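Asker: make a model of this:
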Amino acid sequence: RHITIIPKNLFETSNNTNPNTSTSSSSSTPQKQPPFSNEDVLVIVDCSDYKYDRIVLIEKTSGKVKSVIGKPGSQPGKLNYPIGNAIIKLPIYPNLALLVTENNNDCVSCFDITTGQLISQFTHPKMRGPMGICVNTTGHIIVANYTSNVVSIHTGYTNNPKKFGAVIKLVGDNDGIVFNNPLSVAVNSRGELIVSTYQHKIYILNRDYQIIKSFGSHGTENGQFNNPYAL
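Answerer: Numbers count the residues shown, from 1 in each chain. Take a look at the predicted model:
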């Protein structure tokens, strides 16, 4: 349902550097280069008919499948109806990492995109039916939770593994903001959060997570939507 493009230059940059700053870590741990680092890569979530439940990495130019991450299951390291994916660089891990929402497991799994191994997994009582996911300019992980009607903000870029995935804020949880089944999230160049919902609406929130604009209705005309699943 969600496709992410990883530019090849991201594989050339050590994960010990915050992509949002120019400050480098003193760690000398080398980054293992994946076999597809010579070109852009498509990350595709494959969950058709609930029987595949995997992440497929494909070379953008050739279309060749270069790697498959995950297989069906509810145990850590397996995937139970994956929906959204996002890429993050972690100072506590040398390689590029892949975040995946598991809709039926009510959690986010984090994989080493090079080895396919599970790095971490996190959840929260308000993380119910997670779908879209993104990472903002400050390294926070943002998740659209369809069932709980909440957009959750989590710690992402951190030097403390115990704080990874910790909830920073719950948008739509008794704060006057009402999301009806949020589907997808994205962040624009100004750092504003964009949320799409099953009720055919798009919301734009500022950096303080206050709504500054909303639009959309059900239909096929300009400005109308039909369950906008991805942003």
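
Asker: low-confidence regions, the chain specifically.
Answerer: 1-2, 8-39, 48-50 (pLDDT under 70).

Asker: what kind of secondary structure is the nearest residue to Val43 once chain neighbours are set aside in?
Answerer: Counting by C-beta to C-beta, 6 or more residues apart in numbering, Val43 lies nearest to Thr4, which is 4.2 Å off, once chain neighbours are set aside. Bear in mind the C-beta positions are built from the backbone N, C-alpha and C, glycine included. Of the three states, Thr4 takes strand under DSSP: H, G, I helix; E, B strand; the rest coil.

Asker: wait, what's in contact with Thr4?
Answerer: Contact partners of Thr4, counting by C-beta atoms under 8 Å, 6 or more residues apart in numbering, are 42-43, 85-87.

Asker: which of the residues you listed sit farthest apart?
Answerer: Farthest pair in those (C-beta to C-beta) is Leu42 and Ala86. Separation: 13.9 Å.

Asker: between those two, who's got more neighbours?
Answerer: More neighbours surround Ala86 than the other of Leu42 and Ala86, with 24 against 16 (other C-beta atoms under 10 Å).

Asker: you'd agree the more buried one is up against Val135?
Answerer: Yes - using C-beta atoms under 8 Å, Ala86 is in contact with Val135, at 5.3 Å.

Asker: returning to that earlier point: wait, which of the contacts of Thr4 is closest to Glu192?
Answerer: Ala86 (16.9 Å).

Asker: that closest one belongs to a helix, doesn't it?
Answerer: No - assessed with three-state DSSP, Ala86 is strand; it does not lie in a helix.

Asker: for it, name its beta-bridge partners.
Answerer: Leu99 (DSSP bridges).

Asker: going forward, the N-terminal residue is numbered 49.
Answerer: Okay, using 49 as the starting number, the last item reads as Ala134.

Asker: Ile167 and Ala145 touch, don't they?
Answerer: Yes - counting by C-beta under 8 Å, Ile167 touches Ala145, with 6.0 Å between them.

Asker: shared neighbours, the two?
Answerer: Common neighbours of Ile167 and Ala145 (C-beta under 8 Å, 6+ apart) are 138, 158-160.
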